[in-house]
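1. Provided below are the primary sequence and the corresponding predicted coordinates.
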Amino acid sequence: MNKRIAMLMLLALSAPAGALAQSQDEQQACTNDAFQFCQYAIPDRSRVFACLAENRRAISPACRQVMAQYLPPEPAAPAPKKPAPKKAASKKGPLQLTPQ
């Protein structure tokens with residue numbers, strides 16, 4: 001059964017439609033990731049591509065590099081907000097802890 005799925009995946013990645021994995025090296029870079037993250041989408045090449053794009057932060061660096069050629073760059077993460085500066089305690093003199 002796994003060999004059958006592997007063959008379907010290779011056929012899907014080598015099909016002329018779509019933009020993903022144009023060379024054999026690119027196909028090899030993303031095949032394992034496609035099986036790991038997008039098995040439900042096989043053999044639909046465009047669904048596999050969309051799934052890999054959706055999981056681009058989790059896929060292997062080699063596949064991420066291939067995908068970067070076909071996807072717009074990810075928006076930059078917003079900078080963490082800095083906490084507001086704390087107000088300094090006013091210096092009115094020592095505290096009086098004894099009742100008057």
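-> Here it is on my side, so go on.
2. pLDDT below threshold where in this structure?
-> By pLDDT under 70, the low-scoring segments of the chain are 1-21, 76-77, 84, 86-97, 100.
3. can you give me the helices for it?
-> Taking DSSP state H as the criterion, the chain carries its helices at 2-14, 24-38, 45-54, 61-68.
4. mind listing what's buried in the last one?
-> Neighbour counts over helix 61-68 (16 or more other CB atoms under 10 Å) mark 63-64, 66-67 as buried. No exception for glycine: its C-beta is placed from N, CA and C like everyone else's.
5. same question for the third one.
-> Neighbour-count burial for helix 45-54 flags 45, 48-49, 51-52 (criterion: 16+ other CB under 10 Å).
6. how about a markdown table for those residues, with distance to Phe37 added?
-> Shown next, in a markdown table, are the buried residues of helix 45-54 (distance: CB to CB, whole Å):
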| residue | distance to Phe37 |
| --- | --- |
| Arg45 | 15 |
| Val48 | 9 |
| Phe49 | 12 |
| Cys51 | 6 |
| Leu52 | 7 |
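7. closest to Asp25 out of those residues?
-> Checking the buried residues of helix 45-54 against Asp25 by CB to CB gives Leu52 as the nearest, at 15.8 Å.
8. ok, that closest one touching Ser60?
-> No - when contacts are counted by CB atoms under 8 Å, Leu52 is not listed as touching Ser60 (10.3 Å).
9. what is in contact with the two at once?
-> Asp33 (CB atoms under 8 Å, 6 or more residues apart in numbering).
10. next one: the closest residue to Ala29 other than its chain neighbours from Pro78, what distance?
-> Closest residue to Ala29 apart from its sequence neighbours, by CB to CB, 6 or more residues apart in numbering: Ala62 at 4.0 Å. Ala62 sits 28 Å away from Pro78, going by CB to CB, to the nearest Å.
11. same list, the helices of the chain, but as TSV with distance to Glu74 please.
-> Shown next, in TSV, are the helices of the chain (distance: least, CB to CB, whole Å):
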stretch	distance to Glu74
helix 2-14	23
helix 24-38	17
helix 45-54	10
helix 61-68	9
